[in-house]
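K.L.:
Just to be clear, the model below is a prediction. Sequence and coordinates:
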Amino acid sequence: MKFNTKVIHGGQHHDPSTGAVMPPVYQTSTFVQTSPGKPLNPDYEYSRAANPTRTALEHALASIENGTRGLAFSSGLAATDCVLRGLKAGDEVIAMDDLYGGTYRMFTRIYKESGIVFHFVDMNDLEKFQSLINDNTRLVWVETPTNPLMKLADIAAIADITKKHPNILFAVDNTFATPYLQKPLDLGADIVMHSATKYLGGHSDVIAGALIVKDEELGSQLHFQQFATGATLGPQDSFLVLRGIKTLHLRVQRHCENGAKIAEFLLNHPKVECVYYPGLPSHPFHEIAKKQMIGGFGGMVTFTFKSGAKQDAIAFLEKLKVFTLAESLGGVESLANHPALMTHASIPEDKRKEIGITDDLVRLSVGVEDADDLIEDLKQALA
Ligand code: P1T
């Protein structure tokens, strides 16, 4: 199947008991057994291990990312946590130096405390990256494009390096790109992670996470971690994400069109200093974007003010009318965010400055409204 068919049919079956076209919300914690240890249906005994609505979503996830196994979690961070739980004290992780603030907080305040060593590096410096690999390296963690600076990493080039080291897993947070634009497993990554709260769900009505892998053994190990620790997605939320996936291709196409128009508008605005959008030829990683993001460059646009003033960013955000000032991204409605004060406040100020999350930096999640209305809104707020 082609991608646009997979989002609707991939891994899906009509409900065997009723013929329902959409999988019912199996709102049940447990399943009947006919004799001790003999469930009526051998696939289901307790919903932490498996639930049919979650299974339907997990099959869809595996299908759209070209994996063999999908796992649905109670949040994006729970999905990330599941991967990190496989590590022990002394193991080392090499991570991109620009990450969602919550991921950075988990790495530095939870796992660093338990003895795991983290190296944060710009993955575009492949020599520097390679020089950090040693016998203790177990995981390479990349976001591309990154949140919020829209940096890119060359997934295939990193996979070429990690493949030479059988003990290293290479994970890609594909939240910003979505599988409509970018398929990390095809490019050589071992694990794809999603905050399914974002584009997969697509309607700002659910918190969810996902892991997808190609290797079946790795899939079983991750499922065991998830089952044994418990951060599974409930049936109602699984249904919502599954429904979201069915229009992913339509939505992302429009997010890309609107994102490109807004990036262009901001680029030509006299009060705007820098625009970070991988679709712009001036973007430092535009060539990598053209190579690995197929069909568009997404709906996330970040920019700074010519004045460099935090107050200008705040005044702009307070004046928006169509864009909503809120954390999160990837929903049908346009959102605006001040990373330093909101989503990335958990990164210490000196670290934020070091990587470029300045106080005049604004991040836009461009929705699927009419682009003219969005541009008018930005115009009046900038004025
Ligand atoms: O919020 P949660 O579903 O747990 O996902 C965490 C997460 C992981 N990775 C990326 C790239 C993310 O953007 C997020 C969540 N981000 C926001 C809430 C935000 O506004 O940036």
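P.N.:
Now that the structure is in, tell me what you want to look at. Numbers count the residues shown, from 1 in each chain.
K.L.:
Get me the contact residues on the stretch 101-250 of the chain for the ligand.
P.N.:
102, 103, 143, 147, 173, 175, 195, 197, 207, 209 (Cβ under 6 Å from any ligand atom). For every residue, glycine as well, the C-beta is placed using N, CA and C.
K.L.:
In helices only, show me the residues you listed.
P.N.:
Among these, the residues falling in helices (DSSP state H) are 102, 103.
K.L.:
which of the residues of the stretch 101-250 of the chain next to the ligand sit farthest apart?
P.N.:
143 and 207 (18.4 Å; Cβ to Cβ).
K.L.:
So if I had to pick from those two, which one is more boxed in?
P.N.:
residue 143 (25 against 17; other Cβ atoms under 10 Å).
K.L.:
What pLDDT does the model give that one?
P.N.:
At residue 143, the model reports a pLDDT of 97.
K.L.:
residues near the closest residue in space to it that isn't next to it in sequence, how many?
P.N.:
Counting by Cβ to Cβ, 6 or more residues apart in numbering, residue 143 lies nearest to residue 173, which is 4.2 Å off, once chain neighbours are set aside. Neighbours of residue 173 under the rule other Cβ under 10 Å: 27.
K.L.:
next one: residue 148
P.N.:
The burial count for residue 148: 28, using other Cβ under 10 Å.
K.L.:
Does it touch residue 347 like I think?
P.N.:
No - if you go by Cβ atoms under 8 Å, residue 148 and residue 347 don't touch, sitting 10.7 Å apart.
K.L.:
anything in contact with each of those two?
P.N.:
Common neighbours of residue 148 and residue 347, counting by Cβ atoms under 8 Å, 6 or more residues apart in numbering, are residue 357.
K.L.:
Could you give the bridge partners of the residue in the stretch 151-300 of the chain positioned nearest to the ligand?
P.N.:
Across the stretch 151-300 of the chain, the shortest distance to the ligand (Cβ to the nearest ligand atom) belongs to residue 195, at 3.1 Å. Per DSSP bridges, the residues bridged to residue 195 are residue 209.
K.L.:
Touching, it and residue 209? I think so.
P.N.:
Yes - with contact defined as Cβ under 8 Å, residue 195 and residue 209 form a contacting pair (6.0 Å).
K.L.:
intersection of neighbour lists for the two?
P.N.:
Shared contacts of residue 195 and residue 209 (Cβ under 8 Å, 6+ apart): 75, 76, 77, 79.
K.L.:
Buried residues, stretch 126-133. List them.
P.N.:
Burial within stretch 126-133, assessed by neighbour count using 16 or more other Cβ atoms under 10 Å, is assigned to 126, 129, 133.
K.L.:
And the residue of the protein closest to the ligand?
P.N.:
Counting by Cβ to the nearest ligand atom, the chain gets nearest the ligand through residue 76, at 2.4 Å.
K.L.:
Test my guess that residue 52 contacts residue 20.
P.N.:
No - the pair formed by residue 52 and residue 20 falls short of the contact definition of Cβ under 8 Å, at 11.1 Å.
K.L.:
So between those two, which is more surrounded?
P.N.:
Higher neighbour count among residue 52 and residue 20: residue 52, with 22 against 10, using other Cβ under 10 Å.
K.L.:
what's the pLDDT at the more buried one?
P.N.:
Note on residue 52: pLDDT of 97.
K.L.:
follow-up on the earlier one: of the residues of the stretch 101-250 of the chain next to the ligand - the most surrounded one?
P.N.:
Among these, residue 195 has more neighbours than the rest - 29 neighbours, counting by other Cβ under 10 Å.
K.L.:
so residue 305 touches residue 274, yeah?
P.N.:
No - Residue 305 sits out of contact with residue 274 when judged by Cβ under 8 Å, with a separation of 9.2 Å.
K.L.:
For the residue nearest to the spatial centre of the chain, give its distance to residue 271.
P.N.:
Per Cα atoms, centre = their mean, the C-alpha nearest to the average position across the chain is that of residue 175, at 1.8 Å. Distance of residue 175 to residue 271, given as Cβ to Cβ, to the nearest Å: 29 Å.
K.L.:
State the number of residues packed around the closest residue to residue 61 other than its chain neighbours.
P.N.:
What sits nearest to residue 61 in space, not counting adjacent residues and going by Cβ to Cβ, 6+ apart, is residue 70, at 3.0 Å. When neighbours are defined as other Cβ under 10 Å, residue 70 has 24 of them.
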